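J.: Pasting the sequence and the predicted coordinates here, then a few questions.
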Amino acid sequence: MATQRIVFTEWLPDQPSSTNALVDAKNVMPNQVGYKPFPTAQNYGSAAGEDLIATVSGKFDDVTQLFSGSATKLYQYNGVNHINVSKSSRIISNIERTSNVVTITTTTAHGYSVSDSVTVGAITNTGINGTFTVASVPSTTTFTYAQVGADIASVADSGRVYRDTYNASQWHFTQFGPNVLAVDNNSKVQYWEVNQSVSFEDASADAPVAKYITTVRDFVVTANVGGVANKVQWSDINDFTNWTSGSASQADFQLLPDGNTIQGITGGEFGVIFLEKAVVRMSYIGSPLFFQFDTIARNLGCIASGSIVQFGATSFWLADDGFYSTDGNVVTPIGVEKIDRYFFDNLDYNSLSTISSSIDPVNKLVVWNYPKATGGRELIMYNWQIQRWSRAETDVTTMAYAATATTTLEALDNFGTIDTLPASLDSSIWAGGIATLKGTRGQYIVAFNGSSATANIVTPDLEIGFNSTITLARTQIDNGSSTVQVASRKMLDDTITYSSSVTTDDENRASLRSSGRYHRLSVTPTGNWTSAIGVDVDITPRGLR
């Protein structure tokens, strides 16, 4: 009898099972040696009222504010609720209804005009709420609309009223100084000044309508602008409110001559523009051209805008033949002969537009959320430090990288009792400014900080001679135990059938008995485990009859 250790090495689904690579690494994150548990997603705060498609945080000085976007609205999450802060959203200070005419007073100039459609959300006098047409504008802070109902004497109230809605299939954000900027391909660039604004507003009258946005050095840069799919346009230096080209401004635009449609852009000291069939670096060179555009990859581009994500100076994305990264100079394939074939075999090509991505800086992960051809969604994760992959099941619809909003002790009362809190009191979700892996699921922002998802690690096929019998497995699981199944077969093309699960004892041993030429083990760590290293198996060669 011989004991052989099977170390939980790389998950390489593109490789044959008879190599030294794991067959599966589900609901885990790669370690330098082995794997650690992947947390489940927990709802963060209350429902927004509409399905969310994006979330982002803005931080300036010591203030962190968390935002999310739906198809028609932008929200600020205040630690308890999602507040509609869409363009021209205004705070109500006073209401009155006389002879079936409601007069609303706002704390600041509302900017509304007769015939505008407005939605009213008073907090106290909810009977005046709804969507109405502005009938008159007596002053810059008052407007009226018709509504049948009993008279209400002039009284202070609160809540919000807003005029404009959006028509977004995607939201993209960047931060420029204290300002959070957003684009949806239907509205002018929107801005919010952290800890100052009460609603998002147009950056300026000449701000562009764009699909994508980033910050490059001292400029705000937009891409796929105004329906021109190959157009890049940038603001004046240090001024996101000035987009007019001319001798008095460094604002300008560029049409990229090849590469087809722009799919996204990342920023920093330089910009990287991802087109369908090219990758272009955007470098500041000063007057008179301001920016130089160099193609760093031709006939290699991006097939899904949501796959583009950046950490530091490195950008990651999905091309039509697999996953890549670039530092702005060198383009590097990161999934070739590892997971590219697995990904495309499982991808629902009809839903490419729903791919999203994010960064988990603590665990050094790039995370892509994609639709599966068989239904549902899956996360595929890449640790850029050790260049290893894993996967996770999910019902989260979009991924995001955002910091938490500060929640006061008083605000926690809104969640009910301590038993109904979505996370323990010492969880990082209650501390403002903590950058975490986030996403959206229906009407909720979610944070990946729940209990460990049920993991499964499947070893490569083990072969000792032409026939052998496994009799015992000892899993190497730190701070936990496991259940083990074994599948043995004579030929590689035989059907793989696993035995019943065997729970390990106090010494992490599982008694098994299975004969064949090829053996693989399926290990499910249990308990409060912290790392899964491998499994030792007792295996005895057998003769053939």
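T.: Looks like it arrived, so ask away.
J.: Report the beta-bridge partners for residue 179.
T.: For residue 179, the beta-bridge partners are residue 176, residue 193 (DSSP bridges).
J.: give me every residue that touches it.
T.: Neighbouring residues of residue 179 by C-beta atoms under 8 Å, 6 or more residues apart in numbering: 58, 191-194, 240. (Each C-beta comes from the backbone N, C-alpha and C, glycine too.)
J.: closest to residue 520 among these?
T.: Residue 520 lies nearest to residue 58 out of these, by C-beta to C-beta, at 48.3 Å.
J.: burial count for that closest one?
T.: 24 (other C-beta atoms under 10 Å).
J.: now, among the contacts of residue 179, which is nearest to residue 448?
T.: Using C-beta to C-beta, those come closest to residue 448 at residue 58, 20.6 Å.
J.: one step back: and the contacts of residue 179 as TSV, adding distance to residue 263 and pLDDT?
T.: Formatted as TSV, the contacts of residue 179 follow (distance: C-beta to C-beta, whole Å; pLDDT from 0 to 100):
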residue	distance to residue 263	pLDDT
58	25	93
191	24	97
192	26	97
193	30	97
194	29	95
240	23	97
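J.: Just put the residues you listed in CSV and tack on distance to residue 481.
T.: Below are the contacts of residue 179 laid out as CSV (distance: C-beta to C-beta, whole Å):
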residue, distance to residue 481
58, 44
191, 53
192, 49
193, 52
194, 47
240, 55
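J.: starting at the chain centroid, how far to stretch 320-334?
T.: Distance, stretch centre to chain centre, for stretch 320-334: 20 Å (C-alpha atoms, centre = their mean, to the nearest Å).
J.: Could you do stretch 3-22 as well?
T.: 30 Å.
J.: Tell me which residues are up against that stretch.
T.: Residues contacting stretch 3-22 (C-beta under 8 Å, 6+ apart): 23-25, 30, 33-35, 337-342, 388-391, 457-464, 476, 492, 518, 520-521, 532-539.
J.: Show me where the stretch 401-545 of the chain has its strands.
T.: Assignment of strands within the stretch 401-545 of the chain using DSSP state E, counting those that start in this stretch yields the ranges 435-441, 444-452, 456-458, 462-478, 481-489, 502-503, 509-526, 531-541.
J.: And for the stretch 151-300 of the chain?
T.: Using DSSP E, counting those that start in this stretch, the strands of the stretch 151-300 of the chain run over 152-156, 159-162, 172-176, 179-183, 190-193, 201-202, 210-216, 219-225, 228-234, 252-255, 262-266, 271-275, 278-286, 290-298.
J.: thinking again about what came up before, just the buried members of the contacts of residue 179?
T.: Buried by 16 or more other C-beta atoms under 10 Å: 58, 191-192, 194, 240, out of those.
J.: Could you give me the buried positions within stretch 367-378?
T.: 367-371, 377-378.
J.: for whichever helix or strand residue 358 is part of, what is the average pLDDT?
T.: Applying DSSP states H and E as the criterion places residue 358 in strand 356-360. Average pLDDT, strand 356-360: 96.
J.: Okay, angle between the following helix or strand past it and strand 356-360 too, please.
T.: Next in sequence after strand 356-360, counting helices and strands by DSSP H and E, comes strand 365-371. Relative orientation of strand 365-371 versus strand 356-360 (axes from the mean of the first three to the mean of the last three C-alpha atoms, to 10 degrees): 160 degrees.
J.: and for strand 365-371, what are the contacting residues?
T.: 29, 307, 309, 311, 316, 318, 323, 343, 347-348, 351, 354-360, 377-384, 394, 396-399, 437, 439.
J.: Alpha carbons only: can I get the helix or strand following that strand in CSV?
T.: Next helix or strand after strand 365-371 toward the C-terminus (DSSP H and E): strand 377-383. Taking Å, rounded to 0.1, in the frame of the first residue of the first chain, the C-alpha atoms of strand 377-383 are listed here in CSV:
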residue,chain,number,x,y,z
ARG,A,377,-24.8,33.1,-14.2
GLU,A,378,-21.3,32.2,-13.0
LEU,A,379,-18.3,34.1,-11.7
ILE,A,380,-14.9,33.4,-13.2
MET,A,381,-12.0,34.7,-11.1
TYR,A,382,-8.4,35.4,-11.9
ASN,A,383,-5.7,36.1,-9.2
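J.: Tell me which strands strand 377-383 pairs with, and in which orientation.
T.: Checking strand 377-383 against DSSP bridges gives partners strand 365-371 (antiparallel), strand 388-394 (antiparallel).
J.: would you list the buried residues of stretch 367-378 in TSV and tack on pLDDT and distance to residue 276?
T.: Listed next are those as TSV, based on pLDDT from 0 to 100; distance: C-beta to C-beta, whole Å:
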residue	pLDDT	distance to residue 276
367	98	24
368	98	18
369	98	21
370	98	18
371	98	20
377	98	24
378	98	24
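J.: Could you export the residues you listed as CSV, including distance to residue 99?
T.: Output for the buried residues of stretch 367-378, formatted as CSV (distance: C-beta to C-beta, whole Å):
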residue, distance to residue 99
367, 58
368, 59
369, 54
370, 58
371, 55
377, 54
378, 60
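J.: Not counting sequence-adjacent ones, nearest residue to residue 308?
T.: In space, and not counting its chain neighbours, residue 308 is closest to residue 264: 3.9 Å by C-beta to C-beta, 6 or more residues apart in numbering.
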